[in-house]
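> build me a model:
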Amino acid sequence: MKKILSWFEKESFWTRFAPVMFDSQRWAEAPAIAEAVCKIAGLGAGSSVLDAGCGPGRISVELAKLGPDVTGVDLIQPYLDAAAETAAAEGVELKLIRADLREFRADKPFDAVINMYTSFGYCDSIEEDMQILRSLRECVKPGGWFIMEALGREIAVRDFTEGEWFTRGELTVLTEFSVAGAWEGLRNRWIIIDEAGERTEHEFVQRLYSAVELKRLLLAAGFSSAEVYGDFDFSPYNEKARTMVLIARTKGS
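Numbering: from 1, shown residues only. Just a heads-up that it's a prediction; the model follows:
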């Protein structure tokens with residue numbers, strides 16, 4: 001029987017919507033995020049980092065510029081190809097692996113593992129999300145770091161809008177948002193219309209976790225500590241938080 005792909009496993013979605021998700025602003029913020037990751041985890045030349053869900057290499061390439069040995073893992077081959085092209089253009093090396101994070105196993109553990117740009121909560125069940133966290137926990141060395149940026153339920157509630165429309169280059173983008181369950185998820189409906197009038201539509205639900213829930217999941221996955229912040233500068237996760245950043249550690253050897 002042919003496997004029915006979940007929406008996040010479909011390459012057509014990611015390639016079509018890439019110009020919207022990875023616009024110039026997202027690329028411009030990458031160097032600062034990479035520097036923050038290195039500062040938090042004390043990374044430099046000779047350190048090893050796994051960028052889990054690396055996409056087109058936005059953060060991976062910037063990390064490699066700072067000295068660490070970087071491995072990027074993603075399920076979408078066109079994104080890995082784009083990451084390889086960017087790395088070559090910037091004169092840095094990346095090890096790139098196509099894999100599902102629910103099943104990924106590293107050959108050896110890393111000093112740090114990162115999961116950036118709210119790329120968590122896409123699976124059909126909480127147990128599958130836990131599979132990802134357990135898998136990534138096994139990728140971290142004793143005393144190593146796990147740094148995640150996630151869409152917190154608190155921020156989703158605070159910033160909720162029913163939709164908007166905007167342009168990205170030659171694309172017109174329309175978005176509609178609604179609440180799934182009792183704020184268990186955020187239903188997204190995206191419509192792209194290109195210059196020729198061709199319309200592409202996609203709908204998906206991203207599961208939402210509160211800060212407390214995600215912290216508990218990280219500890220249940222085997223991390224020895226987990227803290228939540230409102231940005232990469234350790235600012236508090238409160239009503240003024242820009243995003244949700246979780247910093248977890250494994251027990252030292």
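> every contact and neighbour count from this point should use C-alpha atoms.
Will do.
> buried sites along the helix or strand hosting Val228?
Val228 belongs to strand 225-229 when elements are defined using DSSP states H and E. Within strand 225-229, the residues scored as buried using 16 or more other C-alpha atoms under 10 Å are 226-229.
> please identify which of those residues is nearest to Ile59.
Ile59 lies nearest to Tyr229 out of these, by C-alpha to C-alpha, at 19.5 Å.
> how close does the closest one get to Ser235?
Computed as C-alpha to C-alpha, to the nearest Å, the Tyr229 to Ser235 distance reads 6 Å.
> overlap in contacts, these two.
Residues touching both Tyr229 and Ser235 (C-alpha atoms under 8 Å, 6 or more residues apart in numbering) are Ala241.
> save the buried residues of strand 225-229 as TSV, and put in distance to Glu35 and pLDDT too.
TSV is the format used below for those (distance: C-alpha to C-alpha, whole Å; pLDDT from 0 to 100):
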residue	distance to Glu35	pLDDT
Ala226	21	98
Glu227	19	97
Val228	19	98
Tyr229	17	98
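> let me see the domain layout of the protein.
As given by automatic domain parsing, the domain ranges for the chain are 7-152+210-249, 156-205.
> where does pLDDT dip in the stretch 151-253 of the chain?
Within the stretch 151-253 of the chain, the stretches falling below the threshold (pLDDT under 70) are 253.
> which residue ranges form the helices in the stretch 151-253 of the chain?
With helices called from DSSP state H, counting those that start in this stretch, the stretch 151-253 of the chain shows them at 153-158, 211-220.
> tally of neighbours for the nearest residue to Ile247 once chain neighbours are set aside?
Spatially, and ignoring its direct neighbours in sequence, Ile247 is nearest to Ile147 (4.7 Å; C-alpha to C-alpha, 6 or more residues apart in numbering). When counting by other C-alpha atoms under 10 Å, one arrives at 22 neighbours for Ile147.
> whichever strand or helix holds Ile147 pairs with which strands?
Assigned by DSSP H and E, Ile147 belongs to strand 140-150. Using DSSP bridges, the strands paired with strand 140-150 are strand 110-115 (parallel), strand 244-249 (antiparallel).
> as a markdown table, those with distance to Leu136 would be great.
Formatted as a markdown table, the entries for these read as follows, by distance: least, C-alpha to C-alpha, whole Å:
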| stretch | distance to Leu136 |
| --- | --- |
| strand 110-115 | 7 |
| strand 244-249 | 11 |
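> and those strands as TSV, adding mean neighbour count?
TSV is the format used below for the strands paired with strand 140-150 (neighbours: other C-alpha atoms under 10 Å):
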stretch	mean neighbour count
strand 110-115	24
strand 244-249	24
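> model confidence score at the residue nearest to Ile247, please.
On the pLDDT scale, Ile147 is placed at 98.
> my guess is it meets Met244, correct?
No. With the criterion set as C-alpha atoms under 8 Å, Ile147 and Met244 do not qualify as a contacting pair; they are 10.6 Å apart.
> residue contacts, the spatially closest residue to Val228 that is not a sequence neighbour?
Computed as C-alpha to C-alpha, 6+ apart, the closest residue to Val228 that is not its neighbour in sequence is Leu246, at 4.6 Å. By C-alpha under 8 Å, 6+ apart, Leu246 lies in contact with 146-150, 215, 226-229.
> just list whatever residues bridge to Leu246.
Going by DSSP bridges, Leu246 is paired in beta bridges with Met148, Val228.
> strands along the protein, start to end?
In chain order, the chain shows strands spanning 48-52, 69-74, 94-98, 110-115, 140-150, 163-168, 171-180, 185-193, 199-207, 225-229, 244-249, with DSSP state E as the criterion.
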